[in-house]
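Novice: Show me how the following folds:
(chains A and B)
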Protein chains: 2
Amino acid sequence: MLTGRKFVFIGGDARQLEVIQQVTELDASAALIGYDNVNRQFLDTYKVQLTEDVFAEADAIVLPVAGMDDDGRVDTQFADAPVYLKKEHFASARPGAYVFSGIASRTLQGYCVEGGLELVRLMELDEVAILNSVPTAEGAIALAMDNTDITIHSAEIAVLGFGRCGKTLARTLAGMGAHVRVAARDPADAARIFEWGLRYIPISNIESGLADVDIIFNTVPAPVLTAGVLANIPRQCVVIDIASKPGGTDFRYAERRGIRAILAPSLPGLVAPKTAGRIIATTISRILATAEA
Amino acid sequence: MLTGRKFVFIGGDARQLEVIQQVTELDASAALIGYDNVNRQFLDTYKVQLTEDVFAEADAIVLPVAGMDDDGRVDTQFADAPVYLKKEHFASARPGAYVFSGIASRTLQGYCVEGGLELVRLMELDEVAILNSVPTAEGAIALAMDNTDITIHSAEIAVLGFGRCGKTLARTLAGMGAHVRVAARDPADAARIFEWGLRYIPISNIESGLADVDIIFNTVPAPVLTAGVLANIPRQCVVIDIASKPGGTDFRYAERRGIRAILAPSLPGLVAPKTAGRIIATTISRILATAEA
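Specialist: Residues are numbered from 1 along each chain as shown, chains lettered A, B, ... in the order given. You can find the predicted model right below:
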């Protein structure tokens, strides 16, 4: 339980509503900044103006997944203008208070260090990133379905990378009946890919494994689908690149060759905001409940 | 091979282009009626006017999946107006020639009997319907993804019916990590559902199994999701009904209760026309190649 804990939520998207719902059900209260247009009712929750006093009372300050940029700007879907935070706000907060943010700009990191605040970068926690890979994989598969005239079942599919998202994609696609090959570098990954009954492609020699592929999912945030590689894949192949911007695909060359290539980072908030919000809420609640003990 | 075989294709959608491609690659020739706006090039293929002579020379007459209605109307995506067939056309065909149609109206059945033609109702063949259940299931799952804010993974999902589509849906959803329960009537189905590691709901007592469900896929072409049943499922549940029109859902009552319910028959041609066309092409080629031997 989070009885008596005071949260401040600043900006965000539909995911944050799920977080507010969950922490208030666990008996916390919540002050909302940048939520002017939200009509949903929550327990023990108040729309407030941005002041230093609000920060002073907070046990936990929750920023959106995108966090605060270096100018102090926090985007929100629920108000007409973004919220701008200043050093003074963080300086007013109680030392030891938590600041939850998906990612953290240098400025935010600086404010938290100076204020003695516990910054938690949610998207860098394995427990969040692994669970987030599920809506990411489903969103990527939905995109592939929309952009092909064949089924996932029986399709020849390559997954590039065998990290958190690569593993989830490979497992889900195989579960749907696709023929899955996975490109990775590490011999231990090669062993696990084999154990899953999938085909391994050494990423150093990726061209050789893509000659007959229908769909490629890239998860590697480095130039893997270079012009040289794209020149050797079928023109009707569709590329879904979910690596963080700018992705791992030479999009200019893909277009030139007539290959449909789509950069789609940040899928969880788009395709399954409720699930994505629950993931964040569960981790925030766990961390605060542990801190209490 | 289909060397020397003469096909007549009348109307259709993107699936038929795949069939034309495949039979002409197997060395058949094809006369196309109602394909005025198609620019794709095929081997040994001619756009022709509808005449009795074209029918007289045909070894196989291929109608679209929707077939010919009782007025003789055949719809086509590739011309500005539908094609209208008459009794005389079929009467001109060589007795023993094949007529392939997805489904068959009474009028079409009558013309084929009178002309001594071999009518093949493709969608009633298990070999076609089972393979077609794959794009159907994927299309239904894509619709569910679009209409929910949660992932398929971990969702509580009910599949109503354990026929060709119900089996494919249940397997695919389970492969994606959903919690799947299946409603069926037959004790043998109950046994198989159990063996697959899924939960069984007796269809006679379906309400009891739907109290906590996130998504329902209905495949049963009979009133199963009645007002009485819908009154007891969660309002935020989404219903995807893929049973043939009018579906098995009381859509009027679903709307009244605020439950999102979508009737989505005929998904294969929409979501994966290439795969759906290949399925038809393979069966037509097999039947004609066997007839030849």
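Novice: what's the spacing between the residue of chain A found nearest chain B and B:Ile33?
Specialist: Across chain A, the shortest distance to chain B (Cβ to the nearest Cβ) belongs to A:Gly175, at 2.6 Å. Yep, even glycine has a C-beta here, placed from its N, CA and C like the rest. Per Cβ to Cβ, to the nearest Å, A:Gly175 is found 43 Å from B:Ile33.
Novice: quick one, which of these two is more surrounded?
Specialist: The residue with more neighbours, out of A:Gly175 and B:Ile33, is B:Ile33; 23 against 19, by other Cβ atoms under 10 Å in any protein chain shown.
Novice: Bridge partners for the more buried one, pull those for me.
Specialist: Beta-bridge pairing of B:Ile33 under DSSP bridges involves B:Ile10.
Novice: Not counting sequence-adjacent ones, nearest residue to A:Ser204?
Specialist: In space, and not counting its chain neighbours, A:Ser204 is closest to A:Arg185: 7.1 Å by Cβ to Cβ, 6 or more residues apart in numbering or on different chains.
Novice: Please name the residues that touch that neighbour.
Specialist: By Cβ atoms under 8 Å, 6 or more residues apart in numbering or on different chains, the contact list for A:Arg185 reads A:Pro202, A:Ile203, A:Ser204.
Novice: Please apply the same query to A:Asp146.
Specialist: B:Ala142.
Novice: pretty sure the residue of chain A closest to chain B is touching B:Val180, no?
Specialist: No: if you go by Cβ atoms under 8 Å, A:Gly175 and B:Val180 don't touch, sitting 11.8 Å apart.
Novice: Please enumerate the shared neighbours of these two.
Specialist: In terms of Cβ under 8 Å, 6+ apart, A:Gly175 and B:Val180 are both contacted by the residues B:Ala174.
Novice: Tell me which stretches of the stretch 51-200 of chain A form helices.
Specialist: Applying DSSP state H, counting those that start in this stretch to the stretch 51-200 of chain A gives helices spanning A:52-56, A:87-92, A:106-115, A:126-146, A:164-175, A:187-195.
Novice: Tell me what A:Tyr98 is bridged to.
Specialist: A:Ala60, A:Glu118.
Novice: returning to that earlier point: in a markdown table, list the helices of the stretch 51-200 of chain A along with distance to B:Arg40 and mean pLDDT.
Specialist: Output for the helices of the stretch 51-200 of chain A, formatted as a markdown table (distance: least, Cβ to Cβ, whole Å; pLDDT from 0 to 100):
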| stretch | distance to B:Arg40 | mean pLDDT |
| --- | --- | --- |
| helix A:52-56 | 64 | 96 |
| helix A:87-92 | 62 | 96 |
| helix A:106-115 | 55 | 96 |
| helix A:126-146 | 22 | 95 |
| helix A:164-175 | 30 | 97 |
| helix A:187-195 | 38 | 93 |
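Novice: Please name whichever of the ones you listed is nearest to B:Leu267.
Specialist: helix A:126-146 (11.0 Å; Cβ to Cβ).
Novice: circling back: do you know the pLDDT at the residue nearest to A:Ser204?
Specialist: Looking at A:Arg185, its pLDDT reads 93.
Novice: Next, the contact list for the residue of chain A closest to chain B, please.
Specialist: Applying Cβ under 8 Å, 6+ apart to A:Gly175 gives the contacts B:Thr172, B:Ala174, B:Gly175, B:Met176, B:Gly177.
Novice: what do you get for A:Glu138?
Specialist: A:Glu138 neighbours (Cβ under 8 Å, 6+ apart): A:Thr172, A:Val271, A:Ala272, B:Met145, B:Thr151, B:Ile152, B:His153, B:Met176.
Novice: which one in these is the model shakiest on?
Specialist: In terms of pLDDT, A:Val271 ranks lowest among the contacts of A:Glu138, with 91.
Novice: can you tell me which residues contact A:Val83?
Specialist: By Cβ under 8 Å, 6+ apart, the contact set of A:Val83 is A:Ile10, A:Gly11, A:Ile33, A:Gly34, A:Leu50, A:Arg73, A:Val74, A:Thr76.
Novice: One more: A:Phe100?
Specialist: A:Ala60, A:Ile61, A:Val62, A:Leu63, A:Val120, A:Leu122, A:Ile280, A:Ile284.
Novice: hmm, back to that, just give me the closest of the contacts of A:Gly175 to chain A.
Specialist: Of all those, chain A sits closest to B:Gly175, with 2.6 Å by Cβ to the nearest Cβ.
Novice: Show me which residues of the stretch 101-250 of chain A sit near chain B.
Specialist: The stretch 101-250 of chain A comes close to chain B at residues A:134-135, A:138-139, A:142, A:145-146, A:148-154, A:172, A:174-177, as judged by Cβ under 8 Å from any Cβ of the partner chain.
Novice: Report how many residues lie close to A:Pro234.
Specialist: A:Pro234 is flanked by 13 other residues according to other Cβ under 10 Å.
Novice: And it, what's its pLDDT?
Specialist: We have a pLDDT of 95 for A:Pro234.
Novice: returning to that earlier point: for the contacts of A:Val83, please prepare CSV with the additional fields pLDDT.
Specialist: What follows is those, written out as CSV (pLDDT from 0 to 100):
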residue, pLDDT
A:Ile10, 97
A:Gly11, 94
A:Ile33, 97
A:Gly34, 96
A:Leu50, 95
A:Arg73, 97
A:Val74, 96
A:Thr76, 95
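Novice: Identify the residue spatially nearest to A:Gln21, adjacent ones excluded.
Specialist: What sits nearest to A:Gln21 in space, not counting adjacent residues and going by Cβ to Cβ, 6+ apart, is A:Phe42, at 6.2 Å.
Novice: tell me the contacts of that neighbour?
Specialist: A:Phe42 makes contact with A:Ile20, A:Gln21, A:Thr24, A:Ala30, according to Cβ under 8 Å, 6+ apart.
Novice: Take those and keep only those in strands.
Specialist: Using DSSP state E, A:Ala30 are the members of these that sit in strands.
Novice: Narrow the contacts of A:Phe42 to those in helices?
Specialist: Among those, DSSP state H puts A:Ile20, A:Gln21, A:Thr24 in helices.
Novice: Quick check on A:Ala93: phi, psi?
Specialist: Dihedral angles of A:Ala93 (phi, psi; degrees, to the nearest 10) stand at phi -70, psi 150.
Novice: my guess is it meets A:Ile61, correct?
Specialist: Yes: A:Ala93 is in contact with A:Ile61 according to Cβ under 8 Å; the separation is 6.7 Å.
Novice: How far does stretch A:57-77 sit from its chain's centre?
Specialist: With Cα atoms, centre = their mean, to the nearest Å as the basis, stretch A:57-77 stands 16 Å off its chain's centre.
Novice: ok, and for it, which residues are buried?
Specialist: The neighbour-count check on stretch A:57-77 (16 or more other Cβ atoms under 10 Å in any protein chain shown) flags A:58-69, A:72-77 as buried.
Novice: Check stretch A:278-285 too.
Specialist: A:Arg278, A:Ile279, A:Ile280, A:Ala281, A:Thr283, A:Ile284, A:Ser285.
Novice: Stretch A:3-15 now?
Specialist: Buried residues in stretch A:3-15, defined by neighbour count with 16+ other Cβ under 10 Å: A:Arg5, A:Lys6, A:Phe7, A:Val8, A:Phe9, A:Ile10, A:Gly11, A:Gly12, A:Asp13, A:Ala14, A:Arg15.
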